[in-house]
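A.B. asks: would you be able to build a 3D model of this:
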Amino acid sequence: MKAHPPESKIFPSLIFLETTVACDYSCRHCRADSQPLPSNDEMSLGEFRDIIDQVYEIWGNKPILVITGGNPLLRSDIKSIISYVRLKGFRFAFSPAASDLLDNSFLKFLKLNRCSSVSLSLDGVSPETHDWLRRKDGSLNITFDLIGRIMQEGLNLQINTTVMSRNILELPAIASLIHDSGISAWEVFFLINTGRGINVDGISPEEYMQVNYWLSELWRYGLNIRTVEGPVFRIIGEIAEKQPSAVIGKTYQILSEKTDAILEECGSSKRKSRSGHTYNHGGTIFISHNGNVYPSGLFNLKLGNLRENSLQSILGRNPEYSALSIREKLGGKCGICEFKYRCGGSRARALYSTGDAFGADPLCLYIPGIKRGDIGIALH
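C.D. replies: As a prediction, this is how the structure comes out:
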């Protein structure tokens, strides 16, 4: 089946504003290689306002702005940045580190300014996993406390989890916590070995495919799930029909059994599986603390710098990195895959694994164009 590009006009769904690299944590997998104090080249309030103006001039207030770091709460002017975002009419999400700086007063400020979502990282349900990854004793308890206070304030909460070899079997317990707490969304990141993360063990291709298939089935419990650097999630159900051996195996079975045991024991009823609808995601733009522009936070391919050129100019010089154009340039099996416009593989993973941003996603096991009866022929 030939792949066809989407016809609708695409704009970036999310634009990330990295307000600082200063952070209370030094997490083992941090893409930013954060530090205790602000960087000397950190952009000023005026520069961030100018960037917000530029985004508005290009797309209006259609993109969602994600205010992130480091820990953005370590900027003394973070409320001024948020206030300007709201003045321009943008929806925004806030992604802080779990710390005492995220107090009830600031949560009320976020609520007053109609923050769409607050995100917290939770990478395990045991200190042996979460505190180890965060390199901070007590961080798990801080996170649990914040989950309760954010929910009590009436803000939408998103939990971010990075999947790696160390925590893969804790995923069902995290899913259970999200389900039982009524948390709005679970964003599951698949580790890219960049920044400090170069020394963290990721997962195998088999585990990658099986975790994505397991995640897709959690819709029957009513969980709202998104993935980062896991685009195969969008079409994993169709892969399961065409090539079931790519998505079903030991890891999938263990995760499914653990999930069913936990959630059904709690009296959770299964819901109808999610339909095959795929959202037309317009991609992302990541603007770093010093004005560098990247396709995403993990896709560390610098497109330009906003202190040197306008955003319009930077995007105009790099059209191949738009959400649609990048799929037109794909090579390897991603380039011939019938799902390339709906999946496209992880460009960050291709870049860090092969040096080719347009190469095949090394964790994907799908054989393009395969029919169920042809699997034996393709494998020999």
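
A.B. asks: and I58, how many neighbours?
C.D. replies: Other residues within reach of I58, judged by other C-beta atoms under 10 Å, total 15. The way it works is simple: take the backbone N, C-alpha and C, and place the C-beta from them, glycine included.

A.B. asks: quick one: pLDDT of it?
C.D. replies: At I58, the predicted lDDT confidence score is 94.

A.B. asks: just the helices in the protein please.
C.D. replies: Assigned by DSSP state H, the helices in the chain fall at 45-59, 78-87, 104-112, 127-134, 139-153, 171-181, 205-217, 236-242, 250-265, 311-317, 325-328, 332-336, 347-354, 375-378.

A.B. asks: quick one: closest of these to F16.
C.D. replies: F16 lies closest, by C-beta to C-beta, to one member of these: helix 45-59, at 11.3 Å.

A.B. asks: any buried residues in the closest one, and which?
C.D. replies: 48-49, 51-52, 54-56 (16 or more other C-beta atoms under 10 Å).

A.B. asks: of the residues you listed, closest to E207?
C.D. replies: Distances from E207 to these, taken by C-beta to C-beta, are shortest for V55, at 37.2 Å.

A.B. asks: can you pull the contacts of the nearest residue to the closest one once chain neighbours are set aside?
C.D. replies: Leaving out its chain neighbours, the residue that sits closest to V55 by C-beta to C-beta, 6 or more residues apart in numbering is I15, at 6.0 Å. Contact analysis of I15 by C-beta atoms under 8 Å, 6 or more residues apart in numbering lists 55, 63-66, 284-287.

A.B. asks: quick check: bridge partners of the most centrally placed residue in the chain?
C.D. replies: Closest to where the C-alpha atoms of the chain average out (C-alpha atoms, centre = their mean) is V228, at 3.3 Å. Beta-bridge partners for V228, by DSSP bridges, are F189.

A.B. asks: check the gap between it and F339 for me.
C.D. replies: 18 Å (C-beta to C-beta, to the nearest Å).

A.B. asks: likewise S313?
C.D. replies: 33 Å.

A.B. asks: more neighbours: which of these two?
C.D. replies: Neighbours were counted for S313 and for F339 using other C-beta under 10 Å; F339 has more, 22 against 13.

A.B. asks: can you tell me, leaving aside adjacent residues, what's nearest to the more buried one?
C.D. replies: I235 is the one closest to F339 (C-beta to C-beta, 6+ apart), at 4.7 Å.

A.B. asks: how many residues are close by that neighbour?
C.D. replies: Residues near I235, counting by other C-beta under 10 Å: 20.

A.B. asks: isn't it up against R342?
C.D. replies: Yes: at 5.5 Å, I235 counts as touching R342 under the criterion of C-beta atoms under 8 Å.

A.B. asks: and stretch 223-240, how far out from the chain middle?
C.D. replies: Taking C-alpha atoms, centre = their mean, to the nearest Å, one finds stretch 223-240 lying 12 Å from the centre of the chain it belongs to.

A.B. asks: run through who's touching that stretch.
C.D. replies: By C-beta under 8 Å, 6+ apart, stretch 223-240 touches 175, 178-179, 184-192, 208-209, 212-213, 215-216, 218-219, 246-248, 276, 278-279, 298, 339, 342-346, 348-349, 361, 364, 366.

A.B. asks: report the mean confidence score over that stretch.
C.D. replies: The model assigns stretch 223-240 a mean pLDDT of 95.

A.B. asks: buried sites along it?
C.D. replies: For stretch 223-240, using 16+ other C-beta under 10 Å, the buried residues are 223, 225-240.

A.B. asks: do the same with stretch 201-208
C.D. replies: Neighbour counts over stretch 201-208 (16+ other C-beta under 10 Å) mark 202-203, 206-208 as buried.

A.B. asks: output these as a markdown table; include the columns distance to D131 and pLDDT.
C.D. replies: Listed next are the buried residues of stretch 201-208 as a markdown table, based on distance: C-beta to C-beta, whole Å; pLDDT from 0 to 100:
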| residue | distance to D131 | pLDDT |
| --- | --- | --- |
| G202 | 20 | 89 |
| I203 | 21 | 94 |
| E206 | 29 | 98 |
| E207 | 23 | 98 |
| Y208 | 26 | 98 |
